[in-house]
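Q: Return a 3D structure for these sequence lines:
(chains A and B)
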Amino acid sequence: MSGPRLKLALEHDGASRGRHVRDIVEELKRLYGVRGALIVAPDGFVIAAELPGTVEVDSLAALAATLGRELETSATRMGRPSFSTALFSADDGTMFLAASRIGYIVVLAEAQVSVQAIRSALADAVGLIEAAWAPGEATG
Amino acid sequence: MTILRRLWTPRDGREPLSVPDALRRAELRRREGRYAEAGALVARALEIDAGNLHAHLLAAYLHVARRAPAPAKEEFHWVLGHDPNHARALLGLARIAFEERDARTCHDLLRRALRFYPEFPEASALLELVRAREAAPPAPAAPAAPRVERLRLPGTGRALIIGRADGGLIASQPVTDDAKDISEALARTLQVATAALRRAGLGPLHRAIVEDRRDAVFTRTDGELIVSLALPRATDPTQGLLDVNRLWSATHHELGLAAGPLAAAPSSTPADTPGAAPTRRIS
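A: Predicted coordinates for the structure are as follows:
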């Protein structure tokens, strides 16, 4: 897959994981055409956020988590696999959403951003989270 | 006795931990997405102080974070049993009610939360979403749209859903028993996405791509009509968008020639000029 790669070292010790998620968000924010990013838990709790000052973080996080859960519960009801990534495109920009072990990764980008580049970066971010959070650790 | 309850050394060799310490550590784990570890710490806090409201609230959050709504509901109800106006517990239950398609309960819980805490952005955002759904006009009877049902899918196309933003199904390919449910779920997802885009200041939703491990579903909408095409996951996004755009135009064309509720608004376009075909504009 082409596109920029997230350049992060894996840090497996527990104490560094808070920093690890912040690094992931900061790296996403640096991508060309990206205005902001956040990681939100399925309960709407903001784990890390780098958003423009014009965006009210808690409100967006609440709706992003609701959207992630909506995609998951709809898939379950239909007997389909759960979503991995989604994008929603509007006049003034595009919102990307990726499902991860610890919650949803959200990216706000310019309308003309490279879809493939952001999807690739999101796949990397999810991979980093999957690698750092051992199976069972987040979900118990 | 109080001191013993607050600082308890378990017999299994775990380090002694006070309730505030356990909860503080649990909060830290939660902030790092370490839900299982956070849950274990909350459980230890509850072993010492079973009536700790903060611990029950945290337990509820962690159940939601681990996608376990049933035990989360129990914990939120426990909190409300001890503090009926606890805004966070009301919001938590409202979110679960929304997931369970119980709009009335969701609405009531959010209203309660906002009555006591008017400055509660998460509750306000969700209430706005619920009200937008309630304000949507009821779905009229599905119009007969035989021409839409004859639309040609691309070679790799797996399914096509044509529906309205209120969830009503207009047509599907293939015709399946669950097409109506898919149309409703799709419309619901797009309503939530619309609300999120509005909060992010990005404007009205036009296109969506949702991928799972099998398919990539390409959707186009104008806030009234929804055209959604399922293609293999490996489909290039540009190609998928081209395919759904073609079906979008074809759907407009076909619906423009057929009678149905979407024809209600007269057009002021040149299509209304004498002699022109009676075409409806949806967007």
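Q: how about the helices in chain A?
A: In chain A, the helices defined using DSSP state H lie at A:17-30, A:57-78, A:115-132.
Q: In a markdown table, list these along with distance to residue B:32, mean pLDDT and mean neighbour count.
A: Yep, even glycine has a C-beta here, placed from its N, CA and C like the rest. Converted to a markdown table, the helices of chain A look like this (distance: least, CB to CB, whole Å; pLDDT from 0 to 100; neighbours: other CB atoms under 10 Å in any protein chain shown):
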| stretch | distance to residue B:32 | mean pLDDT | mean neighbour count |
| --- | --- | --- | --- |
| helix A:17-30 | 4 | 89 | 20 |
| helix A:57-78 | 17 | 96 | 22 |
| helix A:115-132 | 10 | 93 | 20 |
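Q: Tabulate these (TSV), appending distance to chain B.
A: As requested, these are exported to TSV (distance: least, CB to the nearest CB, whole Å):
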stretch	distance to chain B
helix A:17-30	4
helix A:57-78	4
helix A:115-132	5
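Q: Residue B:186: which of the ones you listed is closest?
A: Of all those, helix A:57-78 sits nearest to residue B:186, with 8.0 Å by CB to CB.
Q: The one residue in chain B that gets nearest to chain A: what's it in contact with?
A: Relative to chain A, the nearest point of chain B is residue B:33 (3.0 Å; CB to the nearest CB). Contacts for residue B:33 (CB atoms under 8 Å, 6 or more residues apart in numbering or on different chains) come out as A:17, A:21, A:39, A:41, A:47, A:101, A:102, A:103, A:129, A:133, A:138.
Q: again, only using 7 Å
A: By CB atoms under 7 Å, 6 or more residues apart in numbering or on different chains, residue B:33 lies in contact with A:21, A:41, A:47, A:102, A:103, A:133, A:138.
Q: Most neighbours among these, which one?
A: In terms of neighbours by other CB atoms under 10 Å in any protein chain shown, the contacts of residue B:33 top out with residue A:103 at 29 neighbours.
Q: Could you double-check that it sits in contact with residue A:47?
A: Yes: between residue A:103 and residue A:47 a contact is recorded at 6.2 Å, counting by CB atoms under 7 Å.
Q: Spit out the residues that contact the two alike.
A: A:39, A:40, A:41, B:33.
Q: And the residues you listed, which is closest to residue B:79?
A: Looking across the shared contacts of residue A:103 and residue A:47 and measuring by CB to CB, the closest to residue B:79 is residue A:41, at 18.1 Å.
Q: what's the pLDDT at that closest one?
A: If you check residue A:41, the pLDDT there is 96.
Q: Leaving out chain neighbours, which residue sits closest to it?
A: Leaving aside its sequence neighbours, residue A:41 sits nearest to residue A:103 (CB to CB, 6 or more residues apart in numbering or on different chains; 4.1 Å).
Q: Ok, residue A:59 next?
A: Here the residue nearest residue A:59, using CB to CB, 6+ apart, is residue B:125, at 3.9 Å.
Q: tell me the SS of residue B:163?
A: Secondary structure assignment for residue B:163 (DSSP: H, G, I helix; E, B strand; the rest coil): strand.
Q: which residues sit in contact with it?
A: So residue B:163 contacts B:169, B:170, B:183, B:186, B:187, B:226 (CB under 7 Å, 6+ apart).
Q: quick one: the helices in the stretch 101-250 of chain B?
A: With DSSP state H, counting those that start in this stretch as the criterion, the stretch 101-250 of chain B has helices at B:103-116, B:121-135, B:146-149, B:179-199, B:237-257.
Q: Least reliable of these by average pLDDT, please.
A: helix B:146-149 (a mean of 68).
Q: and the stretch 101-250 of chain B, which residues reach chain A?
A: Proximity of the stretch 101-250 of chain B to chain A, by CB under 7 Å from any CB of the partner chain, involves residues B:121-122, B:124-126, B:129, B:178, B:181-182, B:185, B:188-189, B:192-193, B:195-197, B:199-214, B:237.
Q: Report the buried members of the residues you listed.
A: Among those, those classed as buried by 16 or more other CB atoms under 10 Å in any protein chain shown are B:122, B:124-126, B:129, B:182, B:185, B:188-189, B:192-193, B:195-197, B:199-202, B:205-212, B:237.
Q: separation between the residue of chain A found nearest chain B and residue A:51?
A: Using CB to the nearest CB, the single residue of chain A nearest to chain B is residue A:102, 3.0 Å away. Using CB to CB, to the nearest Å, residue A:102 is found at 18 Å from residue A:51.
Q: Also residue B:121?
A: 13 Å.
Q: just residue B:84 next, same as before
A: Applying CB to CB to residue B:84 and residue A:51 gives a distance of 34 Å.
Q: Name the residue in these two with the higher neighbour count.
A: Per other CB under 10 Å, whichever of residue B:84 and residue A:51 has more neighbours is residue A:51, with 20 against 11.
Q: can you pull the contacts of the spatially closest residue to the more buried one that is not a sequence neighbour?
A: Leaving aside its sequence neighbours, residue A:51 sits nearest to residue A:36 (CB to CB, 6+ apart; 3.8 Å). Residue A:36 makes contact with A:29, A:50, A:51, A:52, A:55, A:108, according to CB under 7 Å, 6+ apart.
Q: The same query, at a cut-off of 10 Å, please.
A: Residues near residue A:36 by CB atoms under 10 Å, 6 or more residues apart in numbering or on different chains: A:25, A:28-29, A:49-55, A:57, A:60, A:93, A:95, A:106-109, B:200.
Q: returning to that earlier point: which of the shared contacts of residue A:103 and residue A:47 fall within strands?
A: A:39, A:40 (DSSP state E).
Q: would you list the shared contacts of residue A:103 and residue A:47 in a markdown table and tack on distance to residue B:164?
A: As requested, those are exported to a markdown table (distance: CB to CB, whole Å):
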| residue | distance to residue B:164 |
| --- | --- |
| A:39 | 34 |
| A:40 | 30 |
| A:41 | 33 |
| B:33 | 38 |
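Q: And the shared contacts of residue A:103 and residue A:47, which two are furthest apart?
A: A:40 and B:33 (10.5 Å).
Q: okay, and the common contacts of these two?
A: Common neighbours of residue A:40 and residue B:33, using CB under 10 Å, 6+ apart, are A:47, A:48, A:102, A:103.
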